[in-house]
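**Q** No sequence on hand, only this structure:
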RNA sequence: GCGCCCAUAGCUUAACGGAUAGAGCAAGUGAAUUCUAAUCACUAGGUUGGGGGUUCGAAUCCCUCUGGGCGCGCCA
């Protein structure tokens, strides 16, 4: 691959020139007049290289270029003579180094995509490493609502990306099936059945009525807690069904009722670490951390029972004990206060808190006639994930929620929902895939005596498309590190865009020559491989017809 | 009061500290002897909430103000 060779040569050159080692970024500039690949290396070196301040970034850039030109070996040389890869290298913008690659050489790199087929974009970089990804983990006191449904596709795609990079991934869900909330739900249902007036702090909403008719509970013989447990079991099943409808399956479901059994043990362990103190008859996690000093948290209540926090410490200890190298929690933003405490507990138990990465997402807000709908399970005014899912379909649902960085506050316009679904860019992307499939099916039927030559793909639209295809493996690798998986939607939209443009300007089956048809078919195939891979990571279908 | 997140075109939003801030929707003008018009080309739309600072370079980092979301010890 040309990009890798340029990187290697740059690395060698900065070593030869005695510059300090630095990460070299070789990116595809948005503006093609800045070359096929570009690096800001000289600008970075000028900053690092204070002892050599007489060198401006432009001087450094020219020095690097001069050295590159002289590397000699034709196969990897950056010389611009015949048989070599580069058309030219130039400096611009005060120190950027811009590489212009001969289009036919760039086109030959397409072979890599064709050879790897559905494995394109996968790597075994993290082979032997284990990752655990927890997501959704919604309270089973009501149906999954659209606000926190965002965590589903998000966690799912993070897991997909990690798996594509070689991690052995465990997808897991925590079912909070015990605690005060369960009693409160039980009390609500009892009140409904017995006809007593609902007090404050009880649950409302139609789903309560549905539960009442579905469960047929005998209120005489059962406590609030027992009633609540029945309800929570039912709701858990519904949440799992909703997750399934979103294309999500879990490898492991952990019930908090099981974690609570280990609560006494974990309290003892924390005591031994010296981070527990007794106050007002309860036990508190009180780590020696300035930031957490006034945020002590109860781990055992004065009545001897335990809290969710205690369960979560047990849970995370299990995750660490299982030998996971990477632990990811996808949480709604309202959990942010929980995180430093959890990290403190992990530290107290002598595990490495750096292995835990928390992805916080903001709740999706729903607008109805320009008003933001406040969503609360207790108030019963939420919009369920299922309503939206049934309305727009799973592909549009996932793609929409995955398009934006998790920390952004999405405002979802409910009244434009239907229209929104047909305008969702997912269809633009899927249409591109259908076009690719269609061309390949037809292309299969024509006589292709000539062997294709990828070097014929030198139209600017072809070059732009090829460059984008070649960037895919780097993207997936990067996402496994930074978890910014929304970039995959961006990538697939751009790929579709480039393909549609290529389609308009470069006839495939009706190209000037059979050879060109063959080469273009290869490009269509490479595009299809790459687009299908990115859609697969997103959990969105790649239709052959639309 | 303290803490976390956000503010980019009319709307929804993108952009490892990089070059002329990029898309889609909505608006306007075009494209059918053509591999799928769920497409393409073009037009219009921006002082990246305000003000300072750091930097060769800031939507991005720091400070501050404004406006919104979320959270803050016996809920989960």
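**A** Received the coordinates, thanks. Remember, predicted model here, so these are calculated numbers, not experimental data.
**Q** can you list contacts of the helix or strand harbouring residue A:187?
**A** Secondary-structure assignment from DSSP states H and E places residue A:187 in helix A:180-194. The contact list for helix A:180-194, computed with Cβ atoms under 8 Å, 6 or more residues apart in numbering, reads A:139, A:141, A:196-199, A:201-203, A:208-209, A:211-212, A:215, A:217, A:219, A:223-229, A:231-232. Where C-beta positions appear, they are placed from N, C-alpha and C, glycine not excepted.
**Q** same thing but 6 Å
**A** Residues external to helix A:180-194 that are found in contact with it (Cβ atoms under 6 Å, 6 or more residues apart in numbering): A:141, A:198, A:202-203, A:208, A:212, A:219, A:224-225, A:227-228, A:231-232.
**Q** Pull out the buried residues from that helix.
**A** Neighbour-count burial for helix A:180-194 flags A:181-192 (criterion: 16 or more other Cβ atoms under 10 Å).
**Q** need those in CSV with distance to residue A:157 and pLDDT, can you?
**A** What follows is these, written out as CSV (distance: Cβ to Cβ, whole Å; pLDDT from 0 to 100):
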residue, distance to residue A:157, pLDDT
A:181, 29, 90
A:182, 31, 92
A:183, 36, 90
A:184, 34, 89
A:185, 32, 91
A:186, 36, 91
A:187, 39, 89
A:188, 35, 89
A:189, 36, 90
A:190, 41, 89
A:191, 41, 88
A:192, 39, 86
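**Q** Please identify which of the residues you listed is nearest to RNA strand B.
**A** Here the nearest of these to RNA strand B, counting by Cβ to the nearest atom of the strand, is residue A:181; it sits at 4.6 Å.
**Q** just how off-centre is the helix or strand that the helix holding residue A:187 is followed by within its chain?
**A** Proceeding N to C from helix A:180-194, the next assigned helix or strand is helix A:206-215, under DSSP H and E. Helix A:206-215 sits 36 Å away from the centroid of its parent chain (Cα atoms, centre = their mean, to the nearest Å).
**Q** now for the very next helix or strand once past helix A:206-215, which elements pack on it?
**A** The element immediately downstream of helix A:206-215 (helix or strand, assigned by DSSP H and E) is helix A:224-245. Judged by 3 or more Cβ pairs under 6 Å, 6 or more residues apart in numbering; DSSP states H and E, the packing partners of helix A:224-245 are helix A:180-194, helix A:385-392.
**Q** Can you see whether the first one contacts RNA strand B, counting any residue in it?
**A** Spelled out, it's helix A:180-194. Yes: using Cβ under 7 Å from any atom of the strand, we find that helix A:180-194 touches RNA strand B at A:180-181.
**Q** Hey, what's the angle from that helix to helix A:224-245? Just curious.
**A** Our comparison of helix A:180-194 with helix A:224-245, counting by axes from the mean of the first three to the mean of the last three Cα atoms, to 10 degrees, yields an angle of 100 degrees.
**Q** With the last one instead?
**A** For helix A:385-392 against helix A:224-245, the angle by the same axes, to 10 degrees is 20 degrees.
**Q** which residue packs closest to whatever residue of the stretch 51-200 of chain A ends up closest to RNA strand B, ignoring adjacent ones?
**A** For the stretch 51-200 of chain A and RNA strand B, the shortest gap (Cβ to the nearest atom of the strand) falls at residue A:179, measuring 2.6 Å. Once flanking residues are discounted, residue A:179 sits nearest to residue A:308: 6.1 Å by Cβ to Cβ, 6 or more residues apart in numbering.
**Q** For RNA strand B, see how far away that neighbour is.
**A** Computed with Cβ to the nearest atom of the strand, to the nearest Å, the distance linking residue A:308 and RNA strand B is 3 Å.
**Q** What of residue A:222?
**A** Note on residue A:222: its distance to RNA strand B, by Cβ to the nearest atom of the strand, is 20 Å.
**Q** What count of nearby residues applies to that residue?
**A** Using other Cβ atoms under 10 Å, residue A:222 has 16 neighbouring residues.
**Q** list the contacts for it?
**A** Not one residue lies near residue A:222 by Cβ under 6 Å, 6+ apart.
**Q** Go again with 8 Å.
**A** Contact partners of residue A:222, counting by Cβ under 8 Å, 6+ apart, are residue A:230.
**Q** which other residues reach the strand or helix carrying residue A:443?
**A** Residue A:443 is located in helix A:425-445, with elements delineated by DSSP H and E. Contact with helix A:425-445 is made by A:395-396, A:399-400, A:403, A:489, A:492-493, A:495-497, A:499-500, A:503, A:508-509, A:517, A:521, A:524-525, A:527-528, A:531-532, A:535, A:540-546, as judged by Cβ under 8 Å, 6+ apart.
**Q** Narrow the residues you listed to just the buried residues.
**A** The neighbour count (16+ other Cβ under 10 Å) marks A:395-396, A:399-400, A:403, A:489, A:492-493, A:495-497, A:499, A:503, A:508, A:517, A:521, A:524-525, A:527-528, A:531-532, A:535, A:540-542 as buried among the contacts of helix A:425-445.
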